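> Coordinates only, no sequence provided:
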Ligand code: GLU
Ligand code: ZN
C-alpha cells in the first residue's frame, strides 16, 4: 500500500480581476479542507497568461483573502517559486519529458479552422478533430515556414474512470476529450501542463476547485501518469449561479469583493456561503476559523448554489 502523504492543499487563483463570490467560495472550501485536516495550505498565483494577469490583482487578492480570514502557509507573490510566470523552466522540462515519449505533435490549425470543424461537448467546449495528428515530417517542415504551431498532446484510445470526492465516479471515453493543447502558438505553456507540473511537484494531495474544471481532470490525470507524479484527490465543488442557471463570472461586478465589502462584513459573506453550501443548517454570521471543526465533505451540497438577485443592480445576498 502506498504511504499516505501529509495533507497539502492549495488555492490557485488567476490574478485577472478582483475576486468574486465564486472565487471566495472556492478559497473557503479549499482552506477548510486543509485546516480541518491539519494540512498545509499553499497560495499559488496562476499568472501564466501574460496578457490577462496583473500584479495589482495579485496584491489585492492577498489583501482580500486576509480580510475574509483565510490564510496560507506558503506561497503568494512574495515567493516567486509559487507564481506560474516564474516557473517556465519547470514546464519546459516536463514538455521535453513528454516529447521524448513521443506524445506531442505540432498543430497548425488556425483558431477559425478549429472552431469550424470541431464537434462540441455537452458544455460547449470544442473537441479537436485530430486534423494535424498524422502530418508527415515533410508537411511539418513546409507548414512551419509560414506558421508557428501550437503543440498538442496525443490522447490515447479507450476509456478512463476516476472518483471525484464531491461529484462521485466519473467515466468517459478519451475520444470525447480530443488531443489538447500543451503549448500555445505564442510559446506560452497551457494551463493543463502548468497545473499538473505545479500540483505534482508541490506534492499537493487534494485539489479543490469549481466543477467547471471537472472535464479537464481526465487530461490532467494522463499527464500525472506520463510525468510520473502521484495524483491528488479531486474535489469539484458546486458553482455559484444566477437564478436562470447562468454561471457567475468576473463580469458580474456587483459580486466582486469590492462591491460586497461596501455592504457586508466578512462574517456575513462566509456565513451565507456556509449556509448555502450545507455547512451550516441556517444562516448566521460566522468567521471562517469557526467553521473548521464543523467541516465535513459529506455536508457539502453537490448542487450549484443560486445567488438570488445578482441580476439586479443592487446585490442582496438574502439571509
Ligand atoms: N487558476 C484557475 C482559476 O482561477 C484554477 C485552476 C485550478 O484550481 O486547477 O480558475
Ligand atoms: Zn491542427
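Alright, I've got the coordinates. Worth saying up front: this structure is predicted, and the values here are computed from it rather than measured. Ligands and ions are numbered 1, 2, ... in the order given.
> Run through the protein and note the low-pLDDT ranges.
1-2, 114-125, 250-253, 309-319 (pLDDT under 70).
> Please repeat the previous calculation with a cut-off of 90.
Flagging of the chain using pLDDT under 90 yields the residue ranges 1-4, 110-127, 129, 174-177, 242-255, 307-319.
> Contact residues of it facing ligand 2?
The chain comes close to ligand 2 at residues 107, 109, 131-132, as judged by Cβ under 5 Å from the ion. Backbone N, C-alpha and C define where each C-beta goes, glycine included.
> With distance to ligand 1, secondary structure and neighbour count added, can I get those in JSON lines?
Listed next are the residues of the chain next to ligand 2 as JSON lines, based on distance: Cβ to the nearest ligand atom, whole Å; DSSP: H, G, I helix; E, B strand; the rest coil; neighbours: other Cβ atoms under 10 Å:
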{"residue": "107", "distance to ligand 1": "23", "secondary structure": "strand", "neighbour count": "22"}
{"residue": "109", "distance to ligand 1": "25", "secondary structure": "coil", "neighbour count": "19"}
{"residue": "131", "distance to ligand 1": "28", "secondary structure": "coil", "neighbour count": "15"}
{"residue": "132", "distance to ligand 1": "27", "secondary structure": "coil", "neighbour count": "20"}
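> quick one: the spatially most distant residue from the centre of the chain and residue 145, what's the gap?
Most distant from the centre of the chain: residue 138, at 37.9 Å, with distances by Cα atoms, centre = their mean. Taking Cβ to Cβ, to the nearest Å as the measure, residue 138 falls 12 Å from residue 145.
> The stretch 151-300 of the chain: helices as residue ranges?
191-201, 217-227, 257-263, 266-276 (DSSP state H, counting those that start in this stretch).
> ok, the closest residue to residue 258 other than its chain neighbours - contacts?
Nearest residue to residue 258, sequence neighbours excluded (Cβ to Cβ, 6 or more residues apart in numbering): residue 18, at 5.3 Å. Shown in contact with residue 18 (Cβ atoms under 8 Å, 6 or more residues apart in numbering): 57, 60, 64, 250, 256-258.
> between those residues, which is closest to residue 188?
Within those, the smallest distance to residue 188 is 18.0 Å, found for residue 57 (Cβ to Cβ).
> and the residue farthest from the centre of the chain, which of the three is it?
What DSSP: H, G, I helix; E, B strand; the rest coil gives for residue 138 is helix.
> Now do the same contact list for it.
Not one residue lies near residue 138 by Cβ under 8 Å, 6+ apart.
> Based on its surroundings, how many neighbours for residue 56?
Residues lying near residue 56 (other Cβ atoms under 10 Å) number 9.
> How about the helix or strand hosting it and ligand 1, any contact?
Residue 56 belongs to helix 55-68 when assigned by DSSP states H and E. No: on the criterion Cβ under 6 Å from any ligand atom, helix 55-68 is out of touch with ligand 1, staying 10.4 Å away.
> Just the residues contacting that helix, thanks.
By Cβ under 8 Å, 6+ apart, helix 55-68 touches 11, 13, 15-19, 24, 27-28, 43, 45, 47, 71-72, 76-77, 83, 257, 261, 266, 269-270, 288.
> Now narrow those residues to whatever sits close to ligand 1.
Applying Cβ under 6 Å from any ligand atom to the contacts of helix 55-68, one finds that residue 13 fall near ligand 1.
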